[in-house]
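1. Based on what follows, work out the 3D shape:
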Amino acid sequence: MVDFSTLLDLGYLISATLFIFGIKKLSSPKTAPQGNLYGALGMLVAVLVTVFKMQLSDQGIEGWMWIVIGLGIGAVIGYWMATTVEMTGMPELVALFNGFGGAASALVALSEAIKVYTADDYAIAEPIFQVYHLIPILAIGASALVGWMTLTGSLVAMFKLKGGFYLPLSKKDEKGRRKWVNFPTWGPSWLNYVKSLLFILGIIMIILSLNNPGNVGLIIGIVLLSCVLGILFVLPIGGADMPVVVSLLNSLSGIAAAFTGFVVGNTVLIIAGSMVGAAGLILTFIMCKAMNRELFDVLFKAFGGSEKQSLTRTKVGSDPEEVAMVLDGISKCIIVPGYGMAVSQSQHLVKEFADILEENDVDVSYAIHPVAGRMPGHMNVLLAEANVPYEKLIEMDEINSEFSECDVALVIGANDTVNPAARSGEGPLGGMPIIDADKAGVVVIIKRSLSVGYAGVDNDLFYEDKTMMLFGDGKKMMAELNSALKEL
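-> Presented below is the predicted three-dimensional model:
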């Protein structure tokens, strides 16, 4: 007869399978919603199986009420945050959730550490420590180091993306919002040595905990050190490097979960954490490749030059009516969205623009740069919200060959990702893969001004004869352009 505990172990297998299929389906925008559902179901199965296994143990579960209350509150908060967040706020939400994942793992490890380290007889505190005590102790320290670093680093990333704290009693900024403190991109060169020393010190403290199992101060020291380390790692990072950092923090939250799985002896937590960690690292390196950057440079070197180039050239702007006349009678248009589209929240007007052209038998597609936003897939999320068909969202490597046959390229809110200076191999942008918008017959750029991008490099594309600049807010310019097209 099959033992009930064995059946519960099959539940872990089902959970792990759902995680694997979920991650696989996240590779495509079209199947991503289904992938999210698989992942959520996998986590639900894992939680239920774990609770039942705990209940079947010798001690059972005390305080069922607190488990139910915790699950209920967490579900309500998660649902509220996910359904009320604006699409432009998705990067902040993802960063926050990464931090919560790291904190959850670190808290479980901390709880286990306190239970073990304060036991009267360390040798009998947990049976596993009698023979394999080194693995759990190392896992506790590693989970604390990675988990708390992920939490504080993610919080700094969230507030950097959001623009800082806002409190009722603080002074108002230029937009009329009350700003208390901002998280600028700050980091002198000597800060890199401090970060390296703190990380090495954390490893040393973990090793020391092996020979001092009763020293709770070591664990507390690791917690405090890792919190400071997380802040210092993310504080100097900004601009185009933020998608890489968000992806890396996601990976760290998974690694922290895997370490915690070793602490509590939970197989599915080890599997799920390892998969999230591996997937996050793969995505991180993809983001680095898209920027021609090494991960070491992202963490220790600022993106762009030490000084931004001064603008010495001018460009006469066009008006929407002129652009509409150019668009009349074309056969192919490629839209290149950038972060400016997200800021102006003009994705719905961009979709309306595409619909107007398609009614006139114009072939319209979208060129998506991997780092065209503040998190991986940011442009895909925004355009999907506006009901842009998934098959029209084409990655940079696949669509670049089409620009030579394109009549008009509409660039909205992008700068560094379409800057031809990257092809020179020199300067801050040297070697970075870009979208070949400059190879289109006519280039229309919607941008507030001629100001440089994050890399601090002036964009020669702005000044070419075939480039038409629409200066102004993205949403306002798109609305006027659509109106002009309708009047033709």
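2. looking at it, Lys332 is touching Ser404, isn't it?
-> No: between Lys332 and Ser404 there is no contact under CB atoms under 8 Å: 10.6 Å. All C-beta spots, glycine's among them, are computed from the backbone N, C-alpha and C.
3. How far away from the center of its chain is stretch 415-430?
-> Computed by CA atoms, centre = their mean, to the nearest Å, the chain-centroid distance of stretch 415-430 equals 23 Å.
4. end to end, how far does that stretch reach?
-> 14 Å (CA to CA, to the nearest Å).
5. Check which residues of it are buried.
-> 415-422, 427-429 (16 or more other CB atoms under 10 Å).
6. After the helix or strand Gly72 falls within, heading C-terminal, what element do we hit next?
-> According to DSSP states H and E, Gly72 maps onto helix 64-84. Toward the C-terminal end, the helix or strand that comes next after helix 64-84 (DSSP H and E) is helix 90-117.
7. and that next one, which residues are buried?
-> Quick answer for helix 90-117 (16+ other CB under 10 Å): 90-110, 112-113, 116-117.
8. Tell me the spacing between the nearest residue to Cys406 once chain neighbours are set aside and Glu86.
-> Nearest residue to Cys406 in three dimensions, chain neighbours excluded: Ala440, at 4.2 Å (CB to CB, 6 or more residues apart in numbering). As defined by CB to CB, to the nearest Å, Ala440 lies at a distance of 31 Å from Glu86.
9. same question, Leu382
-> Computed as CB to CB, the Leu382 to Glu86 distance reads 10 Å.
10. among the helices and strands of the chain, which has the poorest mean pLDDT?
-> helix 129-132 (a mean of 44; mean pLDDT, DSSP states H and E).
11. which of the residues in the helix or strand following that helix are buried?
-> Per DSSP H and E, the first helix or strand lying C-terminal to helix 129-132 is helix 134-162. For helix 134-162, the neighbour count (16+ other CB under 10 Å) marks 136-162 as buried.
12. before we move on, what about stretch 29-39?
-> Under 16+ other CB under 10 Å, the buried positions of stretch 29-39 are 29, 31-32, 35, 38-39.
13. Tabulate those (TSV), appending secondary structure and distance to Ile20.
-> Formatted as TSV, the buried residues of stretch 29-39 follow (DSSP: H, G, I helix; E, B strand; the rest coil; distance: CB to CB, whole Å):
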residue	secondary structure	distance to Ile20
Pro29	coil	19
Thr31	coil	14
Ala32	helix	15
Gly35	helix	10
Tyr38	helix	9
Gly39	helix	10
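14. As CSV, those residues with pLDDT and distance to Leu252 would be great.
-> As requested, the buried residues of stretch 29-39 are arranged in CSV below (pLDDT from 0 to 100; distance: CB to CB, whole Å):
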residue, pLDDT, distance to Leu252
Pro29, 70, 25
Thr31, 82, 26
Ala32, 80, 22
Gly35, 88, 21
Tyr38, 91, 23
Gly39, 88, 18
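15. Go through these and name the one nearest Leu327.
-> Pro29 (26.9 Å; CB to CB).
16. Tell me where the model's unsure across the chain.
-> Within the chain, the stretches with pLDDT under 70 are 1-5, 58, 88, 116-136, 163-189, 210-215, 238-240, 301-312.
17. show me the contacts for Gly102.
-> 146-151, 154, 249, 252-253, 256 (CB atoms under 8 Å, 6 or more residues apart in numbering).
18. do you know how far the residue nearest to Ala272 when sequence neighbours are not counted is from Val268?
-> Leaving aside its sequence neighbours, Ala272 sits nearest to Phe19 (CB to CB, 6+ apart; 5.3 Å). Using CB to CB, one gets 8 Å for the distance from Phe19 to Val268.
19. cool, Ile434 as well?
-> Ile434 sits 42 Å away from Val268, going by CB to CB.
20. mind checking the end-to-end distance for stretch 55-65?
-> 14 Å.
21. Repeat that for stretch 200-219.
-> Terminal residues of stretch 200-219 lie 15 Å apart, using CA to CA.
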